Structure formats: structure tokens, C-alpha cells
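Q: let me see the structure of the following:
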Amino acid sequence: MRSRRHTSSLTVRATAVVAPAVLVLALAACSADEGVTLESEFLQAIDVAGGSTGEVDLVSTMHTDWQRIVIACPGQDPDAVLAAGGSDAGPATGDVPDLDDDSLGHLVLVDSGKVADVVDVPRDEADLCADAPTDPVVVTPGSATMTVTEASDGGWLVAPAS
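A: Just a heads-up that it's a prediction; the model follows:
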């Protein structure tokens, strides 16, 4: 029969070995999750859709709460983006992305009248603004299908389905 002192010593040694291993695994899991963003999920969904069906559903792609997604493009008026995201009660509130950068289009996710998140989309990968719309385009859960076609430069052209 082992003494109580010997058992305590084994417990301390086992804890000293196991605890760092558990910590390393926990940190690895956290850092893996940090690499997954709405932008990366959106771009991955676009790549998959472009290689197969040619359509992507934003309801299943945007894993966050939203009632409207406003497609905001370079040169558009930030107030128009907030107005498009709003309702009869008034424009949405919150921060709008910089609309002076021609290299980015944006998905502005609005929930309960507030900007909940912004997904910056590099236009050379997935161009939301190829048609150069002067007004922001609104997508709702009932009209959340986007068409994906190959662009001449190798990226994708993305637009709401008609």
C-alpha cells in the first residue's frame, strides 16, 4: 500500500506535466478561432460558390445577427449608407467604413438599427462594386442570395441575385 505522501507527490508531478499541455492545447484552439473572421468566411464562401453553384446565401455565411446588409462602395455617401440600413424610424446609427478606398467594398451589417459589424472585402478578390452603384444596395434575409461570376482579372464579381 502506498503512503499518502507518495500519492501526493505523484499528483503534484502529474499536475505539473498535464497542466502545461492543457494550456498549450487551449491556446492553440483560441488562436485557431481568432483566424476565422467574417471576411475570411465570406471570401471562402465566394470561392466555393464561384467554383460550383454561382450563388452564395448570406444568411448561412454571415454568422452574426443582422437584419440588413448594406453593400457600401467607394465614393458613396456615408449618410446614404446609414439611411439604407435604417427603417421608417430613421437611419441606422454607428460607424461607416472609409468609402474613399477604391480597393475595398464593404458589407455593413445592421441589426436593430445599429451597425453591428463591417466586413471589408478586397475588390481584387470579390468585387461587390463592379457595377459602380451610386446608391448603397440593401440585402435582407429574404433576399440574401448573391450571384458569383468570374472576373476577367481572376477574382470574382459579386452582386445580389435578381
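
Q: give me the nearest residue to residue 39, chain neighbours excluded.
A: Nearest residue to residue 39 in three dimensions, chain neighbours excluded: residue 119, at 5.1 Å (Cβ to Cβ, 6 or more residues apart in numbering). Yep, even glycine has a C-beta here, placed from its N, CA and C like the rest.

Q: now do the contacts for that neighbour.
A: 38, 39, 42, 62, 106, 107, 109 (Cβ atoms under 8 Å, 6 or more residues apart in numbering).

Q: likewise for residue 75?
A: Contacts here follow Cβ under 8 Å, 6+ apart; on that basis residue 75 touches 99, 100, 134.

Q: now swap in residue 125 and tell me
A: Listed by Cβ under 8 Å, 6+ apart, the contact set of residue 125 reads 43, 46, 155, 156.

Q: greatest separation within the contacts of residue 119: which pair is it?
A: 62 and 106 (12.9 Å; Cβ to Cβ).

Q: just to revisit the earlier point, among the contacts of residue 119, which lie within helices?
A: With DSSP state H as the criterion, helices contain 38, 39, 42 from among the contacts of residue 119.

Q: burial check on the last one, number of neighbours?
A: By that I understand residue 42. Residue 42: 23 surrounding residues under other Cβ atoms under 10 Å.

Q: just say helix, strand or coil for residue 75.
A: Assigned by DSSP: H, G, I helix; E, B strand; the rest coil, the conformation of residue 75 is coil.
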